[in-house]
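>>> starting from these lines, generate the structure:
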Amino acid sequence: MRVLIAGCGDVGSVLAENLLAAGHTVFGLKRNTASLPEAVKAIAADLTDPSTLNDLPPDIDWLVFMPTPSERTLEAYKAIYVQGWVNLWAALKQLPSRCLVVSSTSVYGQSDGSWVDEDTDSVPTRFNGRILLDMEATARAVFNNTIIARLSGIYGPGREGLLKMASAAQQVQASPPMYSNRIHRDDAAAALAHLLQLDKPDNLYLVTDDLPVAKYEVMSWLAEQMGFKPPAMLENMTAGSGKRISNQRLRDSGLQLKYPDYKAGYSQILTQRNNHAVSG
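Residues are numbered from 1 along each chain as shown. Take a look at the predicted model:
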């Protein structure tokens, strides 16, 4: 298959490598193509500028839409996710047979610790979730065979914010528990490749690992692994408890995660850091 990844950043590059290994031809579209894997056919373009989209390749079988906004503002989100989709769709020379739109679990505004799945109502409380819902609706309005993948928080190489927080002994809400959900970068890419290649996919999947867990638990474990003091516990807080996201549909589709929980994923990251420190 000929696959166009529009917004081929960190996760997109790992996805591209997975698809190349499976024998597909991959085109990667981004503003600066210098970081694309070598075998990816580079397309230097800006989704917010239609004039840069005049030379898209013909005969694209699968389209993956996964751009990143230039900044965290309402205007930037609208420009890349909604208008960017409109610009790209108008520039395509023919319809793909399958379209995968990468969204986020931020479209769910639940904050009571409840479980969320594909049948849960999406009622975002922040502008980013609202814009992503608009993007999903815009894509589905023009192409019936659209798969939406809503990803939870991505971590992995280069995404080590929690490690820095754990080493700084910051205060963390412990009571009531503030649940967090995550997916390792490599598992996120593997999930997207899996969904593209399913014979009869559903139209919506939540992409997260097997274990929603309280943030205090994660931070305490990370601090212990790195030899730091555990974070200070903030108790009897008035803030909500977040949500717990279920990946049951994704697992039922046949995907097995390499890093099914935070301990598996962060153990790999910490091992790599230690090996790098020793070799350096």
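>>> which elements pack onto the helix ranked longest in the chain?
Secondary structure of the chain per DSSP state H: the longest helix is helix 262-279. Judged by 3 or more CB pairs under 8 Å, 6 or more residues apart in numbering; DSSP states H and E, helix 262-279 is in contact with strand 153-155, helix 161-167, strand 182-184, helix 215-226. Using the backbone N, CA and C atoms, a C-beta is placed for each residue, glycine as well.
>>> among those, single out whichever gets nearest to residue 104.
strand 153-155 (8.9 Å; CB to CB).
>>> and the helices and strands packed on helix 262-279, which is most packed in?
strand 182-184 (a mean of 26; mean count of other CB atoms under 10 Å).
>>> tell me which helix or strand in the protein has the weakest average pLDDT.
In the chain, no helix or strand scores lower on mean pLDDT, DSSP states H and E than helix 262-279, which sits at a mean of 84.
>>> can you give the contact residues for it?
155-157, 160, 162-163, 182, 184, 187, 209, 211, 213, 218, 221-222, 225-226, 258-259 (CB atoms under 8 Å, 6 or more residues apart in numbering).
>>> do a quick rundown of the helices in the protein.
10-21, 74-77, 84-91, 127-142, 161-167, 185-197, 215-226, 248-252, 262-279.
>>> pick the most deeply packed of those.
helix 185-197 (a mean of 23).
>>> what about it, distance to the chain center?
The chain centroid and the centroid of helix 185-197 are separated by 10 Å under CA atoms, centre = their mean, to the nearest Å.
>>> what's that helix packed up against?
Against helix 185-197 (3+ CB pairs under 8 Å, 6+ apart) you get helix 10-21, strand 62-65, strand 98-104, strand 146-151, strand 153-155, strand 204-207.
>>> got these as TSV, with distance to residue 56 columns?
Formatted as TSV, the helices and strands packed on helix 185-197 follow (distance: least, CB to CB, whole Å):
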stretch	distance to residue 56
helix 10-21	16
strand 62-65	10
strand 98-104	14
strand 146-151	18
strand 153-155	27
strand 204-207	26
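>>> redo the ones you listed as JSON lines? Include mean pLDDT.
As requested, those are exported to JSON lines (pLDDT from 0 to 100):
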{"stretch": "helix 10-21", "mean pLDDT": "98"}
{"stretch": "strand 62-65", "mean pLDDT": "98"}
{"stretch": "strand 98-104", "mean pLDDT": "98"}
{"stretch": "strand 146-151", "mean pLDDT": "98"}
{"stretch": "strand 153-155", "mean pLDDT": "96"}
{"stretch": "strand 204-207", "mean pLDDT": "98"}
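>>> wait, which of these is closest to residue 232?
strand 153-155 (22.4 Å).
>>> can you list the residues that contact that closest one?
By CB under 8 Å, 6+ apart, strand 153-155 touches 11, 161-162, 180-185, 188, 265-266, 269.
>>> and the furthest pair within these?
11 and 180 (18.6 Å).
>>> residues touching residue 95, list them.
residue 143.
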